[in-house]
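>>> Output the structure for:
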Amino acid sequence: MHHDAVPNAAHDLPPVPAERLTAPFKRFLALSSAGGLLLLLCTVIAMVWANSSLADAYHYVFHELHLDIYLGSIHLSHGLAHWINDALMAIFFLVVGLEIKREMLVGELASPRKAALPIIAALGGMIAPALIFAVINWGQPSLRGWGVPMATDIAFALGILMLMGARAPLPLKVFLVSLAIIDDLGALVVIAIFYTEDLSTTYLMYAGGAIAVMATFNALGVRKIIPYVAVGLLLWFFVLESGVHATIAGVLTACCIPASARVDSIRFLRSSRQALDVFENSEKPGACVRTNSEQRAAVMTLEQNAEHVVPPLQRLEHILHPYAAFLIIPLFAVANAGLHLSAESTEAISGSITRGVVAGLLFGKPIGIFLACWIAVKLGIAALPTGVSWKQLLGVGFLGGIGFTMALFIGNLAYTDAAQLEAAKMGIMIASFASSVIGVALLLTCQTESGKAKAGAAEPSAA
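The predicted structure is shown next:
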């Protein structure tokens with residue numbers, strides 16, 4: 001059951017003014033497609049800003065304006081875009097790491113049979129685009145960007161699929177989410193191995209020590225989130241100074257967060273019912289919780305019970321997910337999607353970088369995903385999700401070609417030259433738009449055909 005379907009104490013009360021003001025925003029944020037819609041809006045804002053009379057202001061705000069942090073003798077000074085990409089995105093990758101760990105322990109990736117198809121699809125969807133890009137850019141310095149077309153943007157892709165409502169069956173959505181999670185894991189491995197330079201052994205040792213401390217916390221049964229966050233911040237700084245991209249610290253922290261509950265459901269029910277009995281029996285005429293110490297103690301016990309029965313991993317994911325989806329990723333889009341369209345950028349369309357990115361995302365992604373799934377099913381390694389056709393799978397393969405957030409992220413790591421980065425951005429924009437249009441068209445066609453089939457099946461019975 002979705003948590004919104006569970007009644008809460010204030011459910012039937014008339015809304016207070018603050019709730020009335022925030023109600024439209026809450027309804028929007030509750031939409032499954034809200035993250036993708038907000039990401040699209042921020043992309044449009046970035047493009048308009050970067051190509052308006054305020055283009056110089058865009059460049060100044062995100063690339064020239066420096067923010068300085070002093071912690072004793074430590075001085076960190078970076079541009080706003082750098083802080084977003086290295087610090088805020090570490091939180092995003094922490095959420096990604098938590099999602100990956102949860103799915104591997106109790107989700108769709110926990111069962112080898114269920115995990116086989118999305119894992120194989122993700123591998124095909126990463127290898128094919130990288131190979132296509134490499135072929136187009138072979139022997140050139142631009143080959144360094146082979147990782148750009150590898151990753152799927154889960155917010156955009158899933159947002160589009162959710163907008164289709166019942167036209168996209170639930171197993172298809174689950175498949176896309178699982179594929180994107182494995183895809184993100186693959187991108188993280190690529191970033192850690194291939195886009196890391198000038199390693200500092202000393203800081204890597206410090207980072208290893210921080211990981212060991214968090215692993216010890218886990219082994220000792222530390223359930224509070226704060227100690228992990230505090231050591232995770234230290235880990236972020238050590239990784240930043242080591243030469244490995246700082247966002248990897250988010251994933252490493254996620255690996256150390258406990259994923260098991262302190263108490264089981266039976267103990268939770270027994271203790272919580274006792275607390276509720278105390279609360280009920282302590283009721284006094286004319287009194288309230290504020291003045292009733294026994295009721296306050298019962299409520300605090302209920303709060304502690306709730307904390308013990310939900311694993312720290314899921315509590316932290318629940319806390320951070322809205323910030324990642326509705327603040328960090330939109331900020332990342334505004335800071336990185338501002339492609340300035342000029343004569344040089346339009347000429348870049350014919351260049352090897354743009355052609356490689358477009359071909360990799362638009363053709364490599366769907367071909368790699370579809371072909372990998374077809375081979376796996378034919379060999380009996382995996383099976384198609386229930387109620388999902390090959391044509392729908394191909395449609396999702398094209399949605400996998402929407403490589404916005406992670407593609408831009410890897411592009412920033414791969415290319416220090418501004419012209420090369422602009423060419424990569426151009427390819428990402430073109431391929432993502434075309435992939436979404438083709439993917440939606442294919443899925444709508446599938447729905448039309450299924451509707452006709454149902455109508456045809458109903459005619460004989462009506463006769």
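>>> my guess is residue 148 meets residue 409, correct?
No - with contact defined as CB atoms under 8 Å, residue 148 does not reach residue 409; the gap is 9.3 Å. Glycine gets a C-beta too; all of them are placed from N, C-alpha and C.
>>> For those two, indicate the residue with more neighbours.
Counted by other CB atoms under 10 Å, residue 148 and residue 409 do not tie: residue 148 has more neighbours, with 31 against 24.
>>> And what about the more buried one, helix, strand or coil?
helix (DSSP: H, G, I helix; E, B strand; the rest coil).
>>> Tell me how far it lies from residue 405.
As judged by CB to CB, to the nearest Å, residue 148 and residue 405 stand 12 Å apart.
>>> Without its sequence neighbours, what residue ends up closest to the residue positioned nearest the centre of the chain?
The centroid of the chain falls nearest to residue 96 when counting by CA atoms, centre = their mean (5.4 Å). Closest residue to residue 96 in three dimensions, ignoring its sequence neighbours and counting by CB to CB, 6 or more residues apart in numbering: residue 184, at 5.1 Å.
>>> and that neighbour, what helix or strand is that in?
helix 170-194 (DSSP states H and E).
>>> which other helices and strands contact that helix?
Packing partners of helix 170-194 (3 or more CB pairs under 8 Å, 6 or more residues apart in numbering; DSSP states H and E): helix 89-106, helix 112-137, helix 154-163, helix 248-256, helix 390-399, helix 405-414.
>>> average model confidence for whichever helix or strand comes after that helix?
Following helix 170-194 in sequence order, the next helix or strand is helix 201-220 (DSSP H and E). Per-residue pLDDT values across helix 201-220 average out to 93.
>>> Run through who's touching helix 201-220.
227-228, 231-232, 234-235, 238-239, 241-244, 249, 252-253, 256-258 (CB atoms under 8 Å, 6 or more residues apart in numbering).
>>> Please work out which residues outside stretch 123-137 touch it.
143, 145-152, 179, 182-183, 186-187, 352-353, 355-357, 359-361, 363-365, 367-373, 397, 400.
>>> Same question for stretch 415-433.
Here stretch 415-433 has contacts from 142, 144-145, 148-149, 153, 156, 336-337, 339-340, 344-345, 348-349, 351, 353-358, 360-362, 401-404, 407-408, 411-412, 414, using CB under 8 Å, 6+ apart.
>>> The residue nearest to residue 351 when sequence neighbours are not counted: how many residues sit nearby?
Spatially, and ignoring its direct neighbours in sequence, residue 351 is nearest to residue 423 (5.3 Å; CB to CB, 6+ apart). Per other CB under 10 Å, the neighbour tally for residue 423 reads 29.
>>> Is residue 423 in a helix, a strand, or coil?
Assignment for residue 423 (three-state DSSP): helix.
>>> Going by neighbour count, list what's buried in the helix or strand in which residue 375 is found.
Using DSSP H and E, residue 375 sits within helix 365-378. Buried residues in helix 365-378, counted by 16 or more other CB atoms under 10 Å: 365-370, 372-373, 376-377.
>>> Which strands and helices lie in contact with it?
Checking 3+ CB pairs under 8 Å, 6+ apart, helix 365-378 ends up next to helix 112-137, helix 390-399.
>>> List the contacts of the residue nearest to residue 96.
96, 100, 151, 154, 406.
>>> Could you rerun that using 10 Å?
92-93, 96-97, 99-100, 122, 151-154, 251, 405-406 (CB atoms under 10 Å, 6 or more residues apart in numbering).
>>> One more: residue 336?
Neighbours of residue 336 in contact, by CB under 10 Å, 6+ apart: 43, 46, 62, 81, 84-85, 89, 404-405, 408-409, 411-412, 421, 425, 428.
>>> and of those, the nearest to residue 266?
Of all these, residue 266 sits closest to residue 89, with 40.8 Å by CB to CB.
>>> Neighbours of that closest one, how many?
Quick note: residue 89 (other CB under 10 Å) scores 25 neighbours.
>>> Counting neighbours, what do you get for the nearest residue to it once chain neighbours are set aside?
Residue nearest to residue 89 in three dimensions, not counting chain neighbours: residue 247, with 5.0 Å by CB to CB, 6+ apart. Residues contacting residue 247 under the criterion other CB under 10 Å number 27.
>>> Could I get the contacting residues of residue 247?
85-94, 96-97, 188, 191-192, 236, 239-240, 409, 413 are the contacts of residue 247 under CB under 10 Å, 6+ apart.
>>> again, only this time at 7 Å
86, 89-90, 93 (CB atoms under 7 Å, 6 or more residues apart in numbering).
>>> Same list, those residues, but as CSV with pLDDT please.
Formatted as CSV, the contacts of residue 247 follow (pLDDT from 0 to 100):
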residue, pLDDT
86, 84
89, 85
90, 88
93, 82
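>>> how about a markdown table for these, with distance to residue 328 added?
Output for the contacts of residue 247, formatted as a markdown table (distance: CB to CB, whole Å):
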| residue | distance to residue 328 |
| --- | --- |
| 86 | 12 |
| 89 | 7 |
| 90 | 9 |
| 93 | 10 |
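>>> now those residues: which count as buried?
Buried among those (16+ other CB under 10 Å): 86, 89-90, 93.
>>> moving C-terminal of the lowest-mean-pLDDT helix or strand in the chain, what's the next helix or strand?
Sorting the helices and strands of the chain by mean pLDDT, DSSP states H and E puts helix 17-29 at the bottom, at a mean of 60. Moving toward the C-terminus from helix 17-29, the next helix or strand (DSSP H and E) is helix 34-50.
>>> Outside of that next one itself, list whatever touches it.
28, 58, 155-156, 158-160, 325-326, 329-330, 333-334, 337-340.
>>> What is the burial count for residue 307?
Residue 307, neighbours per other CB under 10 Å, totals 16.
>>> again but with residue 203, I slipped
17.
>>> can you pull the contacts of the closest residue to it other than its chain neighbours?
Computed as CB to CB, 6+ apart, the closest residue to residue 203 that is not its neighbour in sequence is residue 242, at 3.8 Å. Neighbouring residues of residue 242 by CB under 7 Å, 6+ apart: 199-200, 203-204, 207.
>>> Tell me the spacing between residue 242 and residue 207.
6 Å.
>>> does the closest residue to residue 361 other than its chain neighbours count as helix, strand or coil?
The shortest distance from residue 361 to any non-neighbouring residue, by CB to CB, 6+ apart, is to residue 431 (3.6 Å). When classified by three-state DSSP, residue 431 comes out as helix.
>>> And for residue 431, the neighbour number?
Neighbour tally, residue 431, other CB under 10 Å: 27.
>>> Thanks a lot, see you next time.
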